[in-house]
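Undergrad: give the three-dimensional model of this entry:
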Amino acid sequence: MIHKRITIYDIAKALDVSASYVSKALNNHPAINEKVKETVRRKATELNYKHNSHAANLRQGSSKTIGVVVPHINHSFFSEAIAGIEEICFENNHSLVICQSHESFMQECKAIDTLIHQNVDCILISVSAETRSYTHLDNIRNHNIGLIQFDRCMDQVESFKVSNDNKEACYNVTKTLFQQGYKRVAFLGGPNHTTIFRNRKEGFLMALKESGFSIPYNFVVEDSLLKEKTVETVTELLALKEPPDAFLTVSDYQSLAILEIAESKGIKVPDQLGIFGFANEAFTNIIKPSLSSVDQKSKELGKKAANIYFEKILKSKGTQLKRHEEIIKSEIIIRQSSMKIKSHF
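TA: Reported below is the predicted structural model:
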C-alpha cells in the first residue's frame, strides 16, 4: 500500500488551525508563541511529517539541485568526476541528480528533459559519442537553467567548459612512444565530431610529422570506442604483413581490449607491442602488464566544473557572463605496457 505524504494541511486539520499558522510555527516565526510552536512540532512528529525542502526551495526561486549527465557512471573517470562535483555540491548545501546516457543521444535528450522537469538549477554534461546536434543543450538555456560542459564538449554551444590539454597530452605520449623505440604507432580515436577526440588525433599527427615517421593511412582509426570496433580494427591491423608495433588509444577500455588480443595471439607486451591509453581507469595499475595511461585528474575536473556554477553563475544573479574554457593539465603515467627499452634491463 502506498501511503500519502503528510503535509502541513494534515497537521492544520488535526489541530483545527490554518495551514499558514502551522507553516509559521514550524519555521519558528516570531509572531507565534513558544507553547503553540511546541504543540505543532509534537503533532508533526506524531503524524511523521517530513519537511518538503524541494517545494520550499522552489518557492524561493531555486531547487538547490544540480543535474549531471555522463556517458557511463561505471567508468572510474566519470565516477571520479561525479565525486568531485558531489563534494562541491555538499559544501554548498545542494543536492545532485545523476543521469547516464550510455553513449546514446536519445537517452541523453531524455535525461536532460527529466532534469528540466525536476527544475534543477544547473546541468553539468559530458556528451555522448552519438551526440552531433546541440538543440537539446540550447533547450537547457531556454529554460534559464545553467549549463556547464566538461570533458566532452560541443564547441557550437556557448557555455562554460572544462576540459584537459588533450592535444598536448597526445603529442607528448606519441613522442614518448617513439623515444621507447616504437616506429609504427597506430592511433585508435573516438568520434571526430567531438572536440576532445579531434584534439587528441591532432596531437598524435603533429608528433608523427615532427618525428619524421610515416605510417599507412589505415593506422589512424576514428570512432572506435566500442569494444567490438576496437577488436575488429586491431585484429585486422595485427594481421598485416607490417603491423603496428604500438597503439595509442583515447580510452583505457580500448587499451584493455588490445592487451587481451595480444595475449590471445602470443604477442609480448611491451617487447613486441606497446600500448598507451587515456583516462587512467582504476584497472590500469592492477593488471599485468600494467597499462600506461594519461591521468586526466577527473576529480579535480569535476570540482572545477561544479565551482563554476557556485562561484560564477549563481553569484551573477542573472547578469550576462563571459563564457570561457578552463583547462585541467593532465599527467602522463608510464607503466609496463609502453616501457620497451626498460623491459630489457
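Undergrad: per the annotation, how does the protein divide into domains?
TA: With domains defined by automatic domain parsing, the chain comprises 8-51, 62-163+297-327, 166-296+333-344.
Undergrad: redo those as TSV? Include mean pLDDT and mean neighbour count.
TA: In short, each C-beta sits where N, CA and C put it, glycine included. TSV is the format used below for the domains of the chain (pLDDT from 0 to 100; neighbours: other C-beta atoms under 10 Å):
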stretch	mean pLDDT	mean neighbour count
domain 8-51	81	14
domain 62-163+297-327	94	19
domain 166-296+333-344	95	19
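Undergrad: now the terminal residues of stretch 239-253, how far apart.
TA: Separation of the first and last residues of stretch 239-253 by C-alpha to C-alpha, to the nearest Å is 21 Å.
Undergrad: run the chain-centre distance for it.
TA: On the basis of C-alpha atoms, centre = their mean, to the nearest Å, the separation between the geometric centre of stretch 239-253 and that of its chain is 26 Å.
Undergrad: same question, stretch 156-169
TA: Centroid displacement of stretch 156-169 relative to its chain, using C-alpha atoms, centre = their mean, is 13 Å.
Undergrad: export it to CSV, keeping only CA atoms.
TA: Extracted C-alpha coordinates of stretch 156-169, given in CSV (Å, rounded to 0.1, in the frame of the first residue of the first chain):
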residue,chain,number,x,y,z
GLN,A,156,28.9,25.2,-31.1
VAL,A,157,27.2,25.8,-27.8
GLU,A,158,28.0,28.9,-25.8
SER,A,159,28.6,27.7,-22.3
PHE,A,160,31.3,27.4,-19.7
LYS,A,161,33.5,24.4,-20.5
VAL,A,162,36.1,22.4,-18.5
SER,A,163,38.4,20.0,-20.3
ASN,A,164,42.0,18.8,-20.5
ASP,A,165,45.1,19.7,-22.5
ASN,A,166,44.1,16.8,-24.9
LYS,A,167,46.2,17.8,-27.9
GLU,A,168,49.4,18.4,-25.8
ALA,A,169,48.9,15.2,-23.9
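Undergrad: which residues outside that stretch are in contact with it?
TA: Outside stretch 156-169, the residues that touch it by C-beta atoms under 8 Å, 6 or more residues apart in numbering are 134, 137-138, 141, 147-151, 153, 195-196, 199-200, 202-203, 206, 278, 294, 296-297, 301, 304-305, 308, 312-313, 323-330, 332.
Undergrad: which of the residues you listed fall in strands?
TA: The strands, defined by DSSP state E, take in 147-150, 294, 325-328, 332 from these.
Undergrad: start and end of stretch 119-132, how far apart?
TA: Termini of stretch 119-132 sit 25 Å apart (C-alpha to C-alpha).
Undergrad: repeat that for stretch 47-65.
TA: End-to-end distance of stretch 47-65 (C-alpha to C-alpha): 27 Å.
Undergrad: again, but for stretch 126-139
TA: 16 Å.
Undergrad: list of residues touching stretch 92-111?
TA: Identification of contacts with stretch 92-111 by C-beta under 8 Å, 6+ apart yields 64-73, 82, 85-86, 89, 114-115, 118, 120-121, 125, 127-133, 136, 225, 310.
Undergrad: could you check how far it is from the centre of its chain?
TA: The answer for stretch 92-111 is 10 Å, by C-alpha atoms, centre = their mean.
Undergrad: what ranges do the helices span in the stretch 151-300 of the chain?
TA: Secondary structure of the stretch 151-300 of the chain (DSSP state H, counting those that start in this stretch): helices located at 166-179, 195-211, 227-238, 252-264, 298-308.
Undergrad: need the ones in strands among the contacts of stretch 156-169 in JSON lines (columns: distance to residue 181).
TA: Converted to JSON lines, those look like this (distance: C-beta to C-beta, whole Å):
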{"residue": "147", "distance to residue 181": "46"}
{"residue": "148", "distance to residue 181": "42"}
{"residue": "149", "distance to residue 181": "39"}
{"residue": "150", "distance to residue 181": "36"}
{"residue": "294", "distance to residue 181": "20"}
{"residue": "325", "distance to residue 181": "36"}
{"residue": "326", "distance to residue 181": "37"}
{"residue": "327", "distance to residue 181": "31"}
{"residue": "328", "distance to residue 181": "31"}
{"residue": "332", "distance to residue 181": "17"}
